[in-house]
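>>> okay, here's the prediction I keep looking at, along with the sequence it came from:
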Amino acid sequence: MSAGGQAGRLEIPTIQPIPRDGRHGTPRDLFTIWFGSNIMLLTIVTGGLAVTVFGLSFAWAVAGLTLGNLLGGIFMALHAAQGPTLGVPQMVQTRGQFGSLGSLLVVGIVIVMYVGFVASNLVLTGEALAGLVPGLSDTPGIIIVSVLGAIAAIYGYALIHAYTRWMSVISGLVLALAFVWIIGVHGLPADFLGKNTFSWSGFLDAISVAALWQIAYAPYVSDYTRYMPADTGVKHAFWASYWGCVLGSLLPMILGAVVGLSASGGGLVQRLTQLLGAFAPVALLVFSVGIASATAMNLYCGALSSLTFGQTLLPRWSPGPGARTLIVLALAAFSTGAAILGRAQFMTNYEHFILFLLYVLVPWTAINLVDYYLLRHGVYDVESFFRRDGGIYGWVNWAAVTCYLLGIAVQLPFVATAFYTGPAARAMGGIDLSWVVGLSLTAPAYYFLARRRRFIT
């Protein structure tokens, strides 16, 4: 069946393993799903943090955002090979590291992450669409995009891939035109390159935010590669996912830095509207549609993770498309309500949300990648993932749970937030290196503890 025909059909499997005769797709699909889904308003706003919140000049902002995306993309893309090899969603595969019940600790946190990203996206799209119609509140835009995202998530995998293929072309073209318009038509301020300055804290914060943007996709990746042929290969899956996500994220982030330094007053979306002038309606409409694709991805992954959570507690349950539909609708309704209620404090809430993800996702990705590449070399018993007792992985892998909690704890002295600043961060003038410490200590700790306690055979 053609890709178009698959996109128009309701996906039947949910968290069940995808049989080899049901596999399809090419590495190009991995590039477009990450490139097309990242060109949206939330990515632009995230890049704008480098100049509006962290106070960097344009050159240093671009340097920090580039380095963070390049580094974080490595961890994100390393998960890409797990889907074709195992044929199950990422959170199901996490049972192989944490055990059947132990995995619920991570799955629960990831579900919160998906809801948070949906709500953040909806706030921005509501603001953007309201700006296109004088006197219109942002609530209709929030609801419209939530509904569009939910429809795509209900239809599932093939429709989301088709959606992002189109958005790769359309959003990519509009992004390029936005750069041309702002630089060539509107013009940059005379002091553009001289605005702001360099600081180590701001530079490292920019790196951290960009790296976290990439690492936050780690729980998604296998969900969108599990239908790929088993012989896709680590190399092809890695590079297609890596460059799709890095380029799709970095370019809008640079636009955000340009906007942040070229206009003042109001939020970044309002500044973007001001700079784009007559082109603003087209750009904001396309970027809002792009948000709908990202919303669909978050709702879809959130539904798979929620079904994984439920199936862990009810091992004989094999959820189908009806269950996915109900979960998607519930997550969409909750996220929409959160967006409407939390829109007034969006930037503050978003910054705190990003930092929360930083502290809890870094240890998980370290454990997952060490287990997959260094300890088990990609060899897992998929049938054990669905057994009540966890099969050969047991109820709880205490090596993984211990190292996960340790990975969070060792970051605390290096945390620098408005609520709490650790002693190490204070000594370094407010520089937050918690994610570097978390990765550096969690990975070797899990490797040696798992080997010593013979969790790996």
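Perfect, thanks for sending it.
>>> all contacts plus neighbour counts: C-alpha atoms, from now on.
Noted.
>>> how about the nearest residue to A61, chain neighbours excluded?
Leaving aside its sequence neighbours, A61 sits nearest to A50 (Cα to Cα, 6 or more residues apart in numbering; 5.5 Å).
>>> element containing the one you found, please.
Using DSSP states H and E, A50 maps to helix 41-52.
>>> the residue nearest to A61 and L70: what is the separation?
Distance from A50 to L70, counting by Cα to Cα, to the nearest Å: 16 Å.
>>> and these two? Which one has more around it.
Neighbour tally, A50 and L70, criterion other Cα atoms under 10 Å: the higher count belongs to A50, 31 against 21.
>>> count the neighbours of I327 for me.
I327: 21 surrounding residues under other Cα under 10 Å.
>>> just give the closest residue to it, not the sequence neighbours.
Once flanking residues are discounted, I327 sits nearest to A303: 5.5 Å by Cα to Cα, 6+ apart.
>>> now do A399
Taking Cα to Cα, 6+ apart, and ignoring the residues beside it in sequence, A399 has A450 as its nearest neighbour in space, at 5.7 Å.
>>> so which bits of the helix or strand encompassing V112 are buried?
Mapping V112 onto the secondary structure by DSSP H and E places it in helix 104-132. When burial is assessed from 16 or more other Cα atoms under 10 Å, helix 104-132 yields the following buried residues: 104, 106-108, 110-111, 113-131.
>>> ok and the helix or strand following that helix relative to helix 104-132, angle-wise?
Later in the chain than helix 104-132, the nearest helix or strand by DSSP H and E is helix 139-155. For the pair helix 139-155 and helix 104-132, the angle between their directions (axes from the mean of the first three to the mean of the last three Cα atoms, to 10 degrees) equals 140 degrees.
>>> now helix 139-155, how far from the chain's geometric center?
For helix 139-155, the distance from its own C-alpha centre to the chain's C-alpha centre is 18 Å (Cα atoms, centre = their mean, to the nearest Å).
>>> packing partners for that helix?
helix 104-132, helix 157-180, helix 280-313, helix 321-342 (3 or more Cα pairs under 8 Å, 6 or more residues apart in numbering; DSSP states H and E).
>>> again, only this time at 6 Å
For helix 139-155, the contact count by 3 or more Cα pairs under 6 Å, 6 or more residues apart in numbering; DSSP states H and E identifies helix 104-132, helix 280-313 as packing neighbours.
>>> against the centre of the chain, work out the most remote residue.
A190 (35.8 Å; Cα atoms, centre = their mean).
>>> how about that one, secondary structure?
coil (DSSP: H, G, I helix; E, B strand; the rest coil).
>>> tell me the contacts of it?
In this structure, A190 makes contact with no residue, judged by Cα atoms under 6 Å, 6 or more residues apart in numbering.
>>> and the pLDDT for it?
Among the per-residue scores, A190 holds a pLDDT of 89.
>>> so what's A296 up against?
G149, A150, A152, A153.
>>> dump these into TSV; add pLDDT and distance to I254 as well.
TSV is the format used below for the contacts of A296 (pLDDT from 0 to 100; distance: Cα to Cα, whole Å):
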residue	pLDDT	distance to I254
G149	93	26
A150	95	29
A152	93	29
A153	95	29
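>>> of those residues, which is the most crowded?
When neighbours are taken as other Cα under 10 Å, the top entry among these is A153 (30 neighbours).
>>> ok, that one to N298 distance?
Taking Cα to Cα as the measure, A153 falls 8 Å from N298.
>>> and whichever strand or helix holds A424, average pLDDT?
A424 is located in helix 423-427, with elements delineated by DSSP H and E. Helix 423-427 shows a mean pLDDT of 88 in the predicted model.
>>> for the next helix or strand after that helix, name the packing helices and strands.
Sequence-wise, the next helix or strand beyond helix 423-427 is helix 434-452, with elements assigned using DSSP H and E. Packing partners of helix 434-452 (3+ Cα pairs under 6 Å, 6+ apart): helix 346-369, helix 398-409.
>>> what's the shortest one packed up against?
Applying 3+ Cα pairs under 6 Å, 6+ apart, we find helix 398-409 packed against helix 346-369, helix 434-452.
>>> number of nearby residues for I291?
Counted with other Cα under 10 Å, residues neighbouring I291 total 30.
>>> so what's the residue lying closest to it once chain neighbours are set aside scoring on pLDDT?
Among residues not flanking I291 along the chain, M40 sits closest, at 5.6 Å (Cα to Cα, 6+ apart). Each residue has a pLDDT score; the one for M40 is 89.
>>> what residues are up against M40?
F287, G290, I291.
>>> turn the residues you listed into CSV, including pLDDT and distance to L255.
Formatted as CSV, these follow (pLDDT from 0 to 100; distance: Cα to Cα, whole Å):
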residue, pLDDT, distance to L255
F287, 88, 13
G290, 84, 16
I291, 85, 16
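>>> in a markdown table, list those residues along with distance to W213.
Rendered in a markdown table, the data for the contacts of M40 read as follows (distance: Cα to Cα, whole Å):
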| residue | distance to W213 |
| --- | --- |
| F287 | 18 |
| G290 | 17 |
| I291 | 15 |
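>>> nearest to L341 among those residues?
Nearest to L341, judged by Cα to Cα, of the contacts of M40 is I291 at 19.1 Å.
>>> ok, now how distant is the closest one from G277?
Taking Cα to Cα as the measure, I291 falls 21 Å from G277.
>>> tally up the residues packed near the closest residue to V106 other than its chain neighbours, please.
Among residues not flanking V106 along the chain, W364 sits closest, at 7.5 Å (Cα to Cα, 6+ apart). A count of neighbours around W364, defined by other Cα under 10 Å, yields 27.
>>> repeat that for the one 5 residues further on.
In terms of burial, L369 registers 21 neighbours under the definition other Cα under 10 Å.
>>> again with G265
Burial of G265, expressed as a neighbour count using other Cα under 10 Å, amounts to 9.
>>> wait, is it part of a helix?
No: remark: G265 does not belong to a helix; assigned using three-state DSSP, it is coil.
>>> and the pLDDT for it?
The predicted structure scores G265 at 76 on the pLDDT scale.
>>> can you check L49 too?
Confidence at L49, expressed as pLDDT, is 91.
>>> residues in contact with A119?
S335, A339.
>>> where does pLDDT dip in this protein?
The model of the chain has pLDDT under 70 over residues 1-8, 344, 346-355, 358, 418, 453-457.
>>> center of it, which residue is that?
Compute the mean C-alpha point of the chain, and by Cα atoms, centre = their mean the closest residue is Y217, 3.4 Å away.
>>> tell me how many other residues surround the nearest residue to that residue once chain neighbours are set aside.
Distances taken as Cα to Cα, 6+ apart place M76 nearest to Y217, at 6.1 Å, with adjacent residues excluded. Around M76 sit 27 other residues, with neighbours defined as other Cα under 10 Å.
>>> ok but M76 is inside a strand, no?
No: secondary structure assignment (three-state DSSP) places M76 in helix, not in a strand.
>>> distance-wise, check it relative to P84.
Using Cα to Cα, we find M76 at a distance of 15 Å from P84.
>>> one more: A399?
Computed as Cα to Cα, the A399 to P84 distance reads 26 Å.
>>> try L71
Shown here: L71 relative to P84, a distance of 23 Å by Cα to Cα.
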